[in-house]
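1. Here's a sequence, model it:
(one chain, ligands or ions: 2)
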Amino acid sequence: MKQMDASLPVFKGNTHAHTTNSDGRVSPEECMRQYKEAGYDFLALTDHWAVGEETQYRGMLVLPGIEYDFTYPTQVLHIVGLYPDAKLAAGMQRGMDHQTVIDHINQAGGVPIAAHPAWSLNTTEFLCSLRGVDIAEVYNTMSGEPFNGPRADAEAILDIAASNGKLFNLVAADDSHFYQGEQCVSYTMVQAEELSVPAILDALKKGRFYASQGPEFKSIEVKGDEVIVETSPVNRITVCSNRVWVKDRCVSGNGLTERIYKIQPGEKYIRFRITDGEGRIAWSNPIAL
Ligand SMILES: [Zn+2]
Ligand SMILES: [Zn+2]
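-> Numbering: from 1, shown residues only. Ligands and ions are numbered 1, 2, ... in the order given. This is a model prediction of the structure:
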């Protein structure tokens, strides 16, 4: 079983950005310009309760997107909705129940993403109770310092959820608002048949992607009781799973490009985290064993 397939092209995208259509500081045009110049293949404009239309910006695909927010006594829930068509987002209003909105996104053929679970103070019980949400932001640039506090990284929460049976696939996104350094940092590499809205949404639903800030996953393959991962040159290859301790979980070195990991007794899922020499990280999706 292969998680990445070298026969398919890979497209770089940011699934979460704000503009002056809600509380972002730049116009949609300026947001698109900055991501295009940084080499992105696709972008979603996801303003709060304001859907962004599908468009092309100098060859960069812009997906229809929106962000819905719900406020509860001890946490908030923000759901990014990527739609096949902006018209399909119609009908959702503030005050609606979060599950109604999630169901609406799925019924429209869209993709709901649990945004910044750590920033939102989400409990794993709450995340596990969401029906029809299979993707979460493992890293949200805007939720980290110096733009915000230290809760950009949701890995620990999502590992606890995974250990309790809910495997979220992992995207990384900027959630750009200020355009003061948080933009064009964390992204998702999607293996799709082509660069189109249906193909990108299909690949997201099928889990054919990984999250990154720089390092690349070339191949991830399960063969018997081993998992073989191939990467761009990195300084660290770490395996995360539901086991609290395994020997040699983290392997460090210079210019590592491969690791063969023997699956340990009791492991129900594993995922890889790789770190390059500049401290930039990439996160694979979890693999159910
Ligand atoms: Zn949000
Ligand atoms: Zn946002």
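2. which residues touch whichever residue of the stretch 101-250 of the chain sits closest to ligand 2?
-> The nearest approach of the stretch 101-250 of the chain to ligand 2 comes at D175, 4.2 Å away (CB to the ion). (Each C-beta comes from the backbone N, C-alpha and C, glycine too.) Residues in contact with D175 (CB atoms under 8 Å, 6 or more residues apart in numbering) are 16-18, 115-116, 137, 140-143, 182.
3. change it to 6 Å
-> 16, 140, 142 (CB atoms under 6 Å, 6 or more residues apart in numbering).
4. Contacts only, for the closest residue to it other than its chain neighbours.
-> Closest residue in space to D175, ignoring its immediate chain neighbours: M142 at 3.8 Å, by CB to CB, 6 or more residues apart in numbering. For M142, the contacting residues are 175, 177, 182, by CB under 6 Å, 6+ apart.
5. Give me the number of neighbouring residues for the last one.
-> E182: 22 surrounding residues under other CB atoms under 10 Å.
6. do the same with the second one
-> Using other CB under 10 Å as the criterion, H177 is surrounded by 19 other residues.
7. Next one, pLDDT for it please.
-> pLDDT for H177: 98.
8. Correct me if wrong, but S219 is in a helix.
-> No - using DSSP: H, G, I helix; E, B strand; the rest coil, the assignment for S219 is strand, not a helix.
9. how close does it sit to L195?
-> 22 Å (CB to CB, to the nearest Å).
10. Secondary structure for the contacts of M142 - can I get that in CSV?
-> Shown next, in CSV, are those (three-state DSSP):
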residue, secondary structure
D175, coil
H177, coil
E182, coil
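11. Would you mind checking which of those is nearest to ligand 1?
-> Ranked by distance to ligand 1 (CB to the ion), the contacts of M142 are led by D175 at 6.1 Å.
12. can you list the residues of the protein near ligand 1?
-> 78, 115 (CB under 5 Å from the ion).
13. give me the low-pLDDT residue ranges for the chain?
-> The model of the chain has pLDDT under 70 over residues 1-2.
14. That one: helices as residue ranges?
-> Under the criterion DSSP state H, helices of the chain are mapped to 28-37, 98-107, 124-129, 155-163, 197-206.
15. Test my guess that V76 contacts S120.
-> Yes - with contact defined as CB atoms under 6 Å, V76 counts as touching S120 (4.8 Å).
16. And the two? Which one has more around it.
-> Set V76 next to S120 and count neighbours by other CB under 10 Å: S120 wins out with 25 against 14.
17. coming back round to it: of S219 and L195, which one has the most company?
-> Taking other CB under 10 Å, S219 and L195 do not tie; L195 has more neighbours (17 against 14).
18. Any part of stretch 77-87 near ligand 2?
-> No - applying CB under 5 Å from the ion, one finds stretch 77-87 out of contact with ligand 2, separated by at least 6.2 Å.
19. Kindly report the residues of the chain close to ligand 2.
-> Counting by CB under 5 Å from the ion, the chain sits next to ligand 2 at 67, 175.
20. The residue nearest the centre of the chain: what's it in contact with?
-> Central residue of the chain (CA atoms, centre = their mean): V171, 1.0 Å from the mean position. V171 is in contact with 15, 135, 137, 188, 211, counting by CB under 6 Å, 6+ apart.
21. From Q107, how far off is the residue of the stretch 101-250 of the chain closest to ligand 2?
-> Distance, D175 to Q107, using CB to CB: 25 Å.
22. tell me the contacts of the closest residue to L167 other than its chain neighbours?
-> Leaving aside its chain neighbours, L167 sits nearest to P286 (4.7 Å; criterion: CB to CB, 6+ apart). Contacts for P286 (CB under 6 Å, 6+ apart) come out as 162, 167, 269, 271.
23. Buried ones among those?
-> Among these, those scoring as buried are 162, 167, 269, 271 (criterion: 16 or more other CB atoms under 10 Å).
24. Look up how far K36 lies from the second one.
-> Relative to K36, L167 is positioned 33 Å away (criterion: CB to CB).
25. on that earlier part again, may I have the phi/psi pair for the residue nearest to L167?
-> Here is the backbone geometry of P286 (degrees, to the nearest 10): phi -70, psi 150.
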